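Chemist: Take a look and give me a structure for this.
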Amino acid sequence: MRVGGTSGLSLAERLTERLHRLTWRTPLHGMRLKGRYPLKLIAVPDDPVLGDAARGQALLAGQLGFRGETRATDTLDFARPDWSPAFDAYVHSFAWLRDLSSGATRADGATVAEGLMQRWLAAHGTKIEGAAWSPENWGRRILFWTAHAPLILSSTDLIYRSQVLNTLARGARHLDRSADKAAAGAPRVAAWCGVVAAGLLIPGGEPRQAFGEAGLTRALHTGLSEDGGVVSRSPAMLLDMIALLSTLRETYAARRLELPGVAESALARMVPALLGASHGDRALSSWQGGGPSTEAEVAAVIAASGIRTRPLRQSREWGYQRLAAGSAVLIVDAAPPPVARVVDGGCASTLAFEFSDGPVRIVVNCGGARAAVVQLPASLAEGLRTTAAHSTLTVGDSNSTAIHADGTLGRGVAEVELSRQESDAASRIEASHDGYVRRWGFKHRRQLLLTGDGRELRGEDALLPAGRKRNPGATAFAVRFHLGRGVQASATADGQAAILRLPGGALWQFRARGGALAIEESVWIDGEGRPVAIQQLVVGGEAPTGGAHISWVLKRAL
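Modeler: Predicted structure coming up:
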C-alpha cells in the first residue's frame with residue numbers, strides 16, 4: 001500500500017513537518033522530535049525482489065536461518081551475537097523482512113517482525129556502535145524497513161511506533177555523516193541508497209534527497225566500471241547492486257518520481273554485464289569468492305530490474321569474456337584480480353574458465369570463498385581463493401597472484417594481454433598473464449577455441465620463458481579442470497583421455513597431450529553456499545627452462 005501527499009494532515013501534523021524542515025541544518029537537527037504526533041512515512045514503496053519463501057516460513061515457525069546457520073527467534077540475543085559475519089549482516093540489515101513477506105501473510109508476519117524489532121531496538125536502537133550501525137547495514141535497513149513497513153508498523157502501540165520511526169530518522173542522520181566510509185562497491189551504494197530513501201520518505205527530506213543523490217552518483221562512479229561490472233569483479237556483488245538500485249527505484253515510484261538518470265544508466269549497463277557472467281541455466285558463474293546463487297534468486301533480481309537485454313560478450317574492465325555457440329557457453333577470466341582496497345577475499349583466478357552445455361555445467365571453478373556456509377572449515381574456505389581452486393594452470397603449486405596471511409592479495413598478475421576472433425565456424429580467445437614471471441620465469445598463455453556448433457572446445461596452455469628468472473631444473477605444473485556437479489569422469493584405457501557422463505545422459509570426451517592425466521576429488525560450492533563433492537581432471541607435468549605446451553580438447557560424443 002502507498003500513502004502519498006500531505007494534504008490530509010492535521011494542523012499539528014503540518015506544523016511538525018514544518019518544524020522538521022526548518023531544523024534540517026540547525027543544531028536542532030540532532031534532536032529527536034517529541035510530542036503527540038511522531039514522524040510518519042510519506043509513502044510505503046513496494047519491494048520488487050521476491051524473497052525466499054522457505055526462509056520466511058521457517059521464521060513463522062520460530063527459526064531464523066541463513067546459509068546453513070539457524071537461530072531460534074525466541075532466544076536470539078542481539079546484544080551478544082554468537083554467529084558468523086554473513087548471518088550478522090542478514091540479521092542487522094533486516095533482509096529477513098523480504099523473506100518473511102514472501103512466506104507469510106501480513107497478519108502472521110507482523111507478529112514475528114514486531115517481536116524481533118522490539119528486541120533489536122532494545123539492544124541497538126540508541127547505541128551507535130558495532131556492525132549494527134555500519135553504514136552498509138543502515139542503508140539496507142532503511143530500504144527494508146520502509147518497503148516492509150506494514151510488517152513492522154502494524155502495532156497500535158504508539159510508543160513502539162514512535163520508537164521505530166525516530167530510530168529510522170536517527171539512522172538516516174548517522175548515514176548523512178558516514179555513508180562514504182563504507183567500502184567501494186555494493187556496501188557504499190547500499191549506504192547512499194539509504195540516504196536517498198530517507199530523503200524521499202521522511203517528511204522534509206528534500207535537502208537530504210539531493211545530498212544523497214550526489215553521494216549515490218559518486219558511489220556508482222567509484223564502484224562500477226564503464227562496461228557495467230563492479231570493481232570487486234564479483235558477479236555475486238553485481239547481483240546485489242542491481243537489487244539495491246531496483247529497490248531504490250520503487251522508492252522513487254512510491255513518490256511518483258523517476259529514478260535519476262545516472263542510476264538508470266548504471267542499471268542498463270549492469271544487467272548485461274551480469275548476464276555475460278551467467279550460464280545457460282541463468283545462474284552465475286563462480287568468481288571472486290561468490291557462488292552461482294540460485295536460479296530463482298538471479299531471476300528475481302533480473303525481473304526486478306526491468307531490464308531486458310542480451311549478455312555482454314566481451315569486457316576489458318569487468319574482465320569476463322564470453323563465447324556462446326549452440327547450447328554451449330564459455331566464460332573466461334581475462335583480467336587481473338581486483339585491487340586489494342576494493343575487495344575482501346579476492347581470488348587468484350586469472351585465465352580460469354567455466355564451460356556449460358545447456359543447463360549442465362561441465363567445467364567450473366570451486367567458488368564460494370565468501371558465499372560458503374559457516375560449517376565449512378576456515379582453511380577450506382581460504383583454499384577456495386587459490387589458483388588451484390580454479391580451472392586453470394598452476395606453476396609450482398603456487399598462486400598466480402599471492403594471497404597473504406591477512407587475506408589480502410599481493411604481487412602477481414599485473415597485466416593480461418588479450419585477443420579475440422569470432423566467426424560462424426569457430427571463435428577463439430587468446431590471453432596471457434605475467435603472474436608467474438617474477439618467481440618462476442614463465443608467462444602463462446592460454447588459447448581457447450569453441451566451434452560454431454558448440455560441440456567442441458579446444459585449448460592450449462603454454463608456459464613461455466619470460467623475465468630474468470631462470471630455474472636450473474624442471475618446474476612442476478598442473479592444469480586443472482574442476483567438473484560440474486553430477487559430471488562423472490572415467491579414464492580411458494590409454495590413460496590420456498576421460499569420458500565425461502553428464503546428468504541427462506550426454507557424453508563428452510576429454511583428451512590431453514603434454515602431460516599425464518589424473519582424475520581427483522574436488523569440491524564445488526552451490527547456490528546455497530553448501531559444499532558439493534565433485535571430480536577434477538588434472539594434467540600434470542614438468543616444464544624445462546624452455547617452457548612447455550599442453551593441448552587438450554573437450555568434444556561432445558553423444
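
Chemist: buried residues in the helix or strand hosting Leu59?
Modeler: Per DSSP states H and E, Leu59 falls inside helix 53-60. Within helix 53-60, the residues that count as buried by 16 or more other Cβ atoms under 10 Å are 55-60. Every C-beta, even on glycine, is put in place using the N, C-alpha and C of the backbone.

Chemist: just for the stretch 401-550 of the chain, where's the confidence low?
Modeler: In the prediction, the stretch 401-550 of the chain carries no residues with pLDDT under 70.

Chemist: Now do the helices in it.
Modeler: 437-440 (DSSP state H, counting those that start in this stretch).

Chemist: Spatially, which residue comes closest to the residue most central in space within the chain, not counting chain neighbours?
Modeler: Central residue of the chain (Cα atoms, centre = their mean): Ala236, 1.9 Å from the mean position. With sequence-adjacent residues excluded and distances taken as Cβ to Cβ, 6 or more residues apart in numbering, Ala236 is closest to Gly290, at 2.9 Å.

Chemist: can you check Leu238 too?
Modeler: Nearest residue to Leu238 in three dimensions, chain neighbours excluded: Val230, at 4.5 Å (Cβ to Cβ, 6+ apart).

Chemist: Check Ala86 too.
Modeler: Arg67 is the one closest to Ala86 (Cβ to Cβ, 6+ apart), at 5.8 Å.

Chemist: circling back: if I look at the residue nearest to Ala236, how far off is His444?
Modeler: Distance, Gly290 to His444, using Cβ to Cβ, to the nearest Å: 24 Å.

Chemist: Just say helix, strand or coil for Tyr252.
Modeler: Using DSSP: H, G, I helix; E, B strand; the rest coil, the structure places Tyr252 in helix.

Chemist: ok, it touching Gly261?
Modeler: No. Judged on Cβ atoms under 8 Å, Tyr252 makes no contact with Gly261 at a distance of 11.8 Å.

Chemist: Export only the CA atoms of stretch 114-132, formatted as CSV.
Modeler: Only the C-alpha atoms of stretch 114-132 are listed here, as CSV (Å, rounded to 0.1, in the frame of the first residue of the first chain):
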residue,chain,number,x,y,z
GLU,A,114,7.5,-6.6,15.5
GLY,A,115,8.7,-9.0,18.2
LEU,A,116,12.2,-9.1,16.6
MET,A,117,12.1,-5.4,16.0
GLN,A,118,11.4,-4.6,19.7
ARG,A,119,14.3,-6.7,20.8
TRP,A,120,16.7,-5.2,18.2
LEU,A,121,15.7,-1.7,19.3
ALA,A,122,16.3,-2.6,22.9
ALA,A,123,19.8,-3.8,22.1
HIS,A,124,20.9,-1.3,19.4
GLY,A,125,18.3,1.4,19.0
THR,A,126,20.2,4.0,21.0
LYS,A,127,23.8,2.7,20.9
ILE,A,128,25.7,4.0,17.9
GLU,A,129,28.3,1.2,17.7
GLY,A,130,29.3,-2.1,16.1
ALA,A,131,28.1,-3.8,13.0
ALA,A,132,24.5,-2.8,13.7
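
Chemist: Without its sequence neighbours, what residue ends up closest to Ala371?
Modeler: In space, Ala371 is closest to Gly291, 3.9 Å off (Cβ to Cβ, 6+ apart).

Chemist: Leu376 looks like it's in a strand, true?
Modeler: No. Counting by three-state DSSP, Leu376 is not found in a strand; it is coil.

Chemist: give the contact list for it.
Modeler: Neighbour list for Leu376: 368, 525, 531 [criterion: Cβ atoms under 8 Å, 6 or more residues apart in numbering].

Chemist: Read off the pLDDT value for it.
Modeler: Note on Leu376: pLDDT of 87.

Chemist: distance of it from Gln321?
Modeler: On the measure of Cβ to Cβ, Leu376 and Gln321 end up 30 Å apart.

Chemist: ditto for Asp424
Modeler: Between Asp424 and Gln321 the distance is 19 Å, computed by Cβ to Cβ.

Chemist: the more surrounded of those two?
Modeler: Gln321 (23 against 8; other Cβ atoms under 10 Å).

Chemist: Name whatever forms a beta bridge with the more buried one.
Modeler: Under DSSP bridges, the beta-bridge partners of Gln321 are Val332.

Chemist: Surely it and Ser427 touch.
Modeler: No. With contact defined as Cβ under 8 Å, Gln321 does not reach Ser427; the gap is 10.0 Å.

Chemist: between the two, what contacts are shared?
Modeler: The contact sets of Gln321 and Ser427 overlap at Arg420 (Cβ under 8 Å, 6+ apart).
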